[in-house]
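K.L.:
Sharing a model that was predicted from the sequence below.
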Amino acid sequence: MEYLVTMTTRVPEGTPEETVDDIRAREAAHTRELADQGHVLRLWRPPLAPGEWRTLGLFAADGPDELERVLASMPLRIWRSDEAKALTAHPNDPPASASSSLSRNGQSATEFLVTFMAAVPEGTPPEDVAEATAREADRASELAKQGHLVRLWVLPPDHGVSSALGLYRADGEAEMQAILESLPQHPYLKTRTTKLTPHPSDPRVDRG
């Protein structure tokens, strides 16, 4: 199974800088080991407020117990709290080969996580929603071939509301918004977009 994990670190006040540096170095080394084992798939940094220390991670584990063992083995866990969401396959998730590069057209692209929540306006004819849903798969395939759509998952229901999570690449926020507006289901969805920046321990980053 795959999991999206929000990792929030709070270093106790007064902790010596050399202690922080040592634990961060051990965290980076152990993260590489977990990546080699197939547990850490991706790491990103979301937008942060001053003083925040937060990471988003895509992890793989056989279940919640194994995921907890993986997270507990990471040195920063002594100062960190983790929130995990189980991800399940979405029918429109593109093949792994459809968009494997971290760039588009040879240029570095910005990655975005987009949460989609159903929000069909009252009075919308059911056939309109069904028609948009049917066209969504074709549009997802087009975006994957263009290097925009990387992954698509189903999230656990939140208070009975269904939602999905997409990993996209675009040249900036304006292009990302245009991509979302091009989706056939766009009129029937609420979206929340998180701009991502590279994490130095991301397994997909080329360290030379």
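P.N.:
Yes, it's here.

K.L.:
Kindly list the main-chain dihedrals of residue 80?
P.N.:
Dihedral pair for residue 80: phi -120, psi 150, per degrees, to the nearest 10.

K.L.:
scratch that, residue 45 is what I was asking about
P.N.:
According to degrees, to the nearest 10, residue 45 has phi -110, psi 120.

K.L.:
so it bridges to which residues?
P.N.:
On the basis of DSSP bridges, residue 45 is bridged to residue 197.

K.L.:
ok, it - how many residues close by?
P.N.:
By the measure other Cβ atoms under 10 Å, the count of residues near residue 45 is 17. Placement of C-beta: from N, CA and C, glycine included.

K.L.:
how many other residues sit next to residue 48?
P.N.:
Using other Cβ under 10 Å, residue 48 has 11 neighbouring residues.

K.L.:
now swap in residue 174 and tell me
P.N.:
Look at residue 174: counted by other Cβ under 10 Å, it has 9 neighbours.

K.L.:
Pretty sure it sits in a helix.
P.N.:
Yes: counting by DSSP: H, G, I helix; E, B strand; the rest coil, one finds residue 174 located in a helix.

K.L.:
Tell me the spacing between it and residue 183.
P.N.:
For residue 174, the distance to residue 183 equals 16 Å [Cβ to Cβ, to the nearest Å].

K.L.:
which one is residue 176 nearest to, not counting chain neighbours?
P.N.:
Distances taken as Cβ to Cβ, 6 or more residues apart in numbering place residue 170 nearest to residue 176, at 4.1 Å, with adjacent residues excluded.

K.L.:
tell me which residues form a beta bridge with the one you found?
P.N.:
Taking DSSP bridges, one finds residue 110 as the beta-bridge partners of residue 170.

K.L.:
Tell me the pLDDT of it.
P.N.:
pLDDT for residue 170: 97.

K.L.:
Domain-wise, how is this structure divided?
P.N.:
The record's domain parsing of the chain by automatic domain parsing lists 2-87, 90-198.

K.L.:
any low-confidence regions in this protein?
P.N.:
97-107, 159-160, 206-208 (pLDDT under 70).

K.L.:
how does it look with 50?
P.N.:
For the chain, the stretches flagged by pLDDT under 50 are 208.

K.L.:
Quick one: the strands in it, in order.
P.N.:
In the chain, the strands defined using DSSP state E lie at 2-9, 40-45, 54-60, 80-89, 103-104, 107-108, 110-118, 149-158, 161-170, 189-198.

K.L.:
Between those, which one is closest to residue 130.
P.N.:
Within these, the stretch nearest residue 130 is strand 110-118; the backing value is 13.4 Å (Cβ to Cβ).

K.L.:
Only the buried residues of that closest one, if you could.
P.N.:
110-116 (16 or more other Cβ atoms under 10 Å).

K.L.:
and if you look at stretch 124-144?
P.N.:
For stretch 124-144, by 16+ other Cβ under 10 Å, it's 129, 132, 136, 139-140, 143-144.

K.L.:
Centroid-nearest residue for this protein?
P.N.:
Centroid check for the chain by Cα atoms, centre = their mean gives residue 113 as the closest residue, at 5.0 Å.

K.L.:
Quick check, it in contact with residue 164.
P.N.:
No: using Cβ atoms under 8 Å, residue 113 makes no contact with residue 164, being 11.1 Å away.
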